[in-house]
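Colleague: no sequence for this one, just the structure:
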C-alpha cells in the first residue's frame, strides 16, 4: 500500500509542477506524455489514459498502468484528486480528497535497495520534508491483490488520512476485506518530534479463515484479534501487546522504554503465553503450554550496547545469556548457554519447516570476558539426530581462541575449532556407503584489523574421503583478495559406486591452488587430479585407465579475458594437451589427443589414433571457426570443419570420414561387427537432431551373433538423415545360407524413438547348437512403434526343411562337464569367455518385452529325429503375447513317421510340436506296438531341449515287465541273469546314459565287450581289442564250453586279411576288399 500511495503522491506533484503552457487536454497530448515520462524510469513504464483537470483543483484519470519487463503489475482505475493548488505557493501540499474506484496490484515489482543504514545510532524522528503534506481523505473502493502478493487473491477496501508538517505527523488507515470472512485492520498513530510523544493504536480483527490466520498458517485458521497500544513520551513509554485466537488469549506482554538522568536508554521486553494452538500439531510439544521471552537492552551514553539479561524458555528450550558491546562494536563480554531436551526423555521435534528433524538433546555454552583475559571458549553437543532419511548419533564441538581489544593494539581474533560427527547413517545405501559413519572438521585461523582473514588449517575427514588446506581473505583498495590451497583425497573409489551408478575402483587425489579478487572476478588457478588404477564399471576399457592417470590444468582470468595456460592428461594409454584464450576480442583453443593403441577398444584393430582440434574467433560477436581431424590405423579417418556460434547459437559444421565398425564391439558383446562405415554429415542450424543431415554407409560388413548362431556377410547399409528423420535400407547374406533385406525409418526426436523396420528373409538357414536346424523359405517381419520402449513385431514365416534332434534319447554323451575353475586366467582370456557368454556374469539389463503377432507356417518337412524317432510334422502356429510371455495358438502335427526302441518298431499314433510360453518347442510323441498279449506304448514329451521318455502298456504293467516282453518276448521273471544284465544295459543306453557293459569295456581298455544270448538260451561273452593300429583280435567264449578266436589285419585302407579258429579246430582265412561310398 505504501508504494501505491507514493506513486499517487508523485502523480500529484507532477501535475502541480507542469508548465502552464502545456495544458492542452486531448487523450495522448504532450502534457500526458510529459507526465508519463516524469513518472517512468528505466525499470518502470507508466501509461495514463483519460487524464483531465490539469489546471483545476480537481484532476482525474480513467486508467493508469505501471509495467516492467515482466508486464503490468499495477492498475488504477477511476482516480480523482481534489486539492488546493495555491497551497504549494506557501510550501504545503494540501489534498482534500484522493479516491480511486479500483486498484489492481497483481504482484510486487523487484525492489531496489536504498543502501545500508549508517553505523551510528540515532533517535527516532519523522523526516523533515521541504513541503508539509496533508491528506484529508483517502478512499479506495476496491483493492484487488493478486495471488502473487499473499499466495491467494484477495479484495479489500481502504480509507484513511495523513499529515506531515513541522516535525509532527498523524496517520489513520482502515482496511476491510470484501471477498471473504470479515476482517478489519485499523491503524491510528500520532507523533511529535519536539515532545517525543507517541500515541499508537494498531488493531486487527478477523473471523475464522481470515487473511492473517491463512498467511501465518495457523492450524484450523481460527479467528484472530491482535492489539498493540501505547501512549506517552519515548523516554517513558509502555506499549501493551495482546494476541488472541478463537476468543482465547495466546500471547500477552509489554515493551517498556525508559531513559535515566544519565542518558542511558533501556528497553525491557516481557512476553508470555501458550503458543501451542498457533503451531502445527507436530511442533506443539516443543513449545508446551507456556513460552516466555524476557530481555533488557540498554544503550549507555558512551554508545555501548548491553544485553543485560536475556531468557527464552519453552517446554524443550532454555536459552539464557548476557552480552556487551563497546561503542566501537567490539565485544566486551558474552555468556550464553542453551539447552534443548524433553523433560520426559522423549526425542524433541524441532520446529523447522520441511523434513522432520528430531534430537534427543543439545547443549551450547559460549563465554568471554575482556576483564578476565582475551580467551573465548565454546562447547556444544548434539545427540540422537534423526530425519526421515538420515541420522546422526552424536556431534561434538570444542572451540577456543582469543579476542584482542583495541586498547592493546589492532583488534584481532584467533580461533581453533574441532567438530566430530559419529554414527552417521542414511536410508539410501549409496549415500551411506559414500558418507561412511564418522566425520571430523578442524579449523584454525585468525583475523587482525588491517590484515587478511587467514584460515591456517582446514581439515575435513571421513571414512571415505578427506579434504585439507589453507585459505585467506583480505579486503583492500577496492579488492576482496582470497587465496586457496586445497588437497582432496579419495583412497578408494568403491564406496562411491552407488552414487555413480556403476562399479568404481581405484584411488584419486586432487590439489587446487588459487588466488582471486572476488569483486572483479580476476583469478589464477592451478589444479592437479591423479587417479590410480581407475575402473569405471565397464564405461571405459580397463586398459585405458590402468596405472596412473594425471590431469593438470592452469587457468587464469584478467582484464584481457579468460586464459587456459595448460591442460594436460597423461595416462598409460591416452594423452591430451590443450591451451587457449577466451576474450571479447580474438579467442582460440588448440587441443591434441593420442590413443597409444586402438586395440584397447577392440581386438580387431591395433595401432595409435591421433586427433587434433582448433577453434578460432576473430571478435567477441564473431562465429567460431572449427577444424578437427582424427586418423589412425584400420581405416580411421574423420574430419569436422565449419563454424559455430552463429547468430542465435546456430552452427554450420560438416562431419566426414570412415571408421571401423569393430570400434563398437565392446558395446554389443558378445556380438561383433567387422567392416568400415563411411559418413558424410552436416549440422546446420540450432544444434540438435533437427539440424543434422547426411548419409552413413557400409559395404561388405560382417556381423556375428554367436548366441543365436547368426552370421551376416556382405552387409550393405545406406542410412540417410534429414533432421530427426532417419531412413535406411540394407541387405546381407546369411551364413551358412540365405539372404536378408531390410528397410525402415526412425524419428530420432520423437518420444520413445518411434519408427518402423521391415525385414525380408529368403532361404535363411538357422541352427541352435545340436538342437535344431531350420531353413526359412520366405519370411516377412515388421517392427512398429517406439523402439526405445519395445516395438511390436508382426509378420509371417514360411519354413522349409526343419530338423529337431533328440539324440539325447538314444546315445550316451557321458557325464555332464563339471564346473571348471580357471586358474591364472589372463584378462584377454576372460574377455573371450565373457563375449561367448560363458562367464555367467551377464552385464546387460533385462530387455523390454516386445508385443508379438507372428504366424509360422510349415505345411510339411518338420522332422523329429533321434532316439530311434523319425517323424515328419506340418501345420501352422500363431505367436501372440510378448517376447517375455509368449501366447501361442496352433501346432505342428504328425504327417508320417516311426519309432525304433529296443530293437522294436513302433507305430506313431500322435506327434505334435507347440509353443507353451517360450520359444523352445514343446514336443509330444506317442508310439505303440504289440508285444504278445499286451500293447506297449512309448511317450516322448517336454521341451525340445530336454524331453523325457516314459513307457506304458495296455493292460497296465510295470515298466520292467513291459521292457522284458519287448526285448526278449518273455516275462521278466523268466529272464536269466545275463539277459537281465543285457536289458539294463540296453535301457540305460536308450535313455542316453552309459550302460553297465559299456562301463566295464571302458574300465579294461577294450575296444568291444558284449554279452549275447542264443535261441537256446546259451549266453556268450565277446571281447575285442586292438593289438596295434592295424591289427584287431577278438575272443568269444560260450557258457557251454565253446570258443572262437579271430584276427583282422588292415593291409591297406581298402584291403583286410581275416582269419579265425574255434575249439572244434574249424579255421578260416581270407582277403577282403572294402571301399566307402
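Modeller: Arrived safely. Note that the coordinates shown come from a computational prediction; the quantities given were computed from them, not determined experimentally. Numbers count the residues shown, from 1 in each chain.
Colleague: what's the neighbour count on the residue nearest to residue 739 when sequence neighbours are not counted?
Modeller: Using Cβ to Cβ, 6 or more residues apart in numbering and skipping the chain neighbours, the partner closest in space to residue 739 is residue 762 (4.8 Å). C-beta: built from backbone N, CA, C; applies to glycine. Residues contacting residue 762 under the criterion other Cβ atoms under 10 Å number 14.
Colleague: Also residue 320?
Modeller: 15.
Colleague: Model confidence at residue 574, what's the number?
Modeller: pLDDT recorded at residue 574 is 87.
Colleague: My error: substitute residue 311 in the last question.
Modeller: 96.
Colleague: Might one say that residue 879 is in contact with residue 856?
Modeller: Yes. Contact criterion Cβ atoms under 8 Å: residue 879 and residue 856 qualify, at 6.6 Å.
Colleague: So, low pLDDT: which residues of the stretch 851-1000 of the chain?
Modeller: 902-903, 917-919, 972, 975-1000 (pLDDT under 70).
Colleague: where along it do the helices fall?
Modeller: Residue ranges of the helices in the stretch 851-1000 of the chain, as given by DSSP state H, counting those that start in this stretch, are 959-968, 977-990, 996-1003.
Colleague: thinking again about what came up before, wait, isn't the residue nearest to residue 739 in contact with residue 797?
Modeller: No. Counting by Cβ under 8 Å, residue 762 does not reach residue 797; the two are 11.4 Å apart.
Colleague: overlap in contacts of the two?
Modeller: Common contact partners of residue 762 and residue 797 (Cβ atoms under 8 Å, 6 or more residues apart in numbering): 776, 778-779.
Colleague: Buried ones among the residues you listed?
Modeller: In the shared contacts of residue 762 and residue 797, burial by neighbour count holds for 776, 779, counting by 16 or more other Cβ atoms under 10 Å.
Colleague: ok, so of the shared contacts of residue 762 and residue 797, who is nearest residue 43?
Modeller: residue 779 (70.5 Å; Cβ to Cβ).
Colleague: list the contacts for that closest one?
Modeller: 759-762, 764, 795-798.
Colleague: what's the spacing between it and residue 694?
Modeller: From residue 779 across to residue 694, the span is 32 Å (Cβ to Cβ, to the nearest Å).
Colleague: on that earlier part again, tell me which of the shared contacts of residue 762 and residue 797 is nearest to residue 969?
Modeller: Distances from residue 969 to those, taken by Cβ to Cβ, are shortest for residue 776, at 46.7 Å.
Colleague: Surely that closest one and residue 759 touch.
Modeller: No. Counting by Cβ under 8 Å, residue 776 does not reach residue 759; the two are 10.9 Å apart.
Colleague: Tell me how the chain divides into domains.
Modeller: For the chain, automatic domain parsing gives the domain ranges 1-110+128-179, 260-372, 378-463, 473-583.
Colleague: In JSON lines: those, plus distance to residue 630.
Modeller: Formatted as JSON lines, the domains of the chain follow (distance: least, Cβ to Cβ, whole Å):
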{"stretch": "domain 1-110+128-179", "distance to residue 630": "46"}
{"stretch": "domain 260-372", "distance to residue 630": "50"}
{"stretch": "domain 378-463", "distance to residue 630": "37"}
{"stretch": "domain 473-583", "distance to residue 630": "13"}
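Colleague: Can you flag the buried ones in the contacts of residue 779?
Modeller: Using 16+ other Cβ under 10 Å, the buried members of the contacts of residue 779 are 759, 761, 764, 795, 797-798.
Colleague: Among those residues, which lie within strands?
Modeller: Within the buried ones among the contacts of residue 779, residues falling in strands by DSSP state E are 759, 761, 764, 795, 797-798.
Colleague: list the contacts for residue 638?
Modeller: 628-631, 655-659 are the contacts of residue 638 under Cβ under 8 Å, 6+ apart.
Colleague: Which among those residues count as buried?
Modeller: For the contacts of residue 638, buried by 16+ other Cβ under 10 Å: 628, 630, 655, 657, 659.
Colleague: Look up how far residue 861 lies from the third one.
Modeller: Plainly put, residue 655 is 51 Å away from residue 861 if you go by Cβ to Cβ.
Colleague: For the top strand by length along the chain, buried residues please.
Modeller: If you go by DSSP E, the chain has its longest strand at strand 885-901. Under the neighbour-count criterion of 16+ other Cβ under 10 Å, strand 885-901 has 886, 888, 891-892, 894-895, 897, 899-901 buried.
Colleague: Nearest to residue 595 among those?
Modeller: residue 886 (45.1 Å).
Colleague: beta partners of the closest one?
Modeller: residue 881 (DSSP bridges).
Colleague: for the helix or strand residue 731 falls within, packing partners?
Modeller: Here residue 731 sits within strand 725-735, counting by DSSP states H and E. With contacts taken as 3 or more Cβ pairs under 8 Å, 6 or more residues apart in numbering; DSSP states H and E, strand 725-735 sits against strand 692-705, strand 710-722, strand 739-747, strand 754-768.
Colleague: Report the angle between the last one and strand 710-722.
Modeller: Angle of strand 754-768 versus strand 710-722, following axes from the mean of the first three to the mean of the last three Cα atoms, to 10 degrees, is 170 degrees.
Colleague: repeat for the shortest one
Modeller: Comparing the axes of strand 739-747 and strand 710-722 via the same axes, to 10 degrees yields an angle of 30 degrees.
Colleague: about what we covered before: make CSV out of the helices and strands packed on strand 725-735 and add mean pLDDT.
Modeller: Shown next, in CSV, are the helices and strands packed on strand 725-735 (pLDDT from 0 to 100):
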stretch, mean pLDDT
strand 692-705, 90
strand 710-722, 91
strand 739-747, 93
strand 754-768, 90
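Colleague: Make TSV out of those strands and add distance to residue 184.
Modeller: Formatted as TSV, those follow (distance: least, Cβ to Cβ, whole Å):
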stretch	distance to residue 184
strand 692-705	66
strand 710-722	69
strand 739-747	62
strand 754-768	61
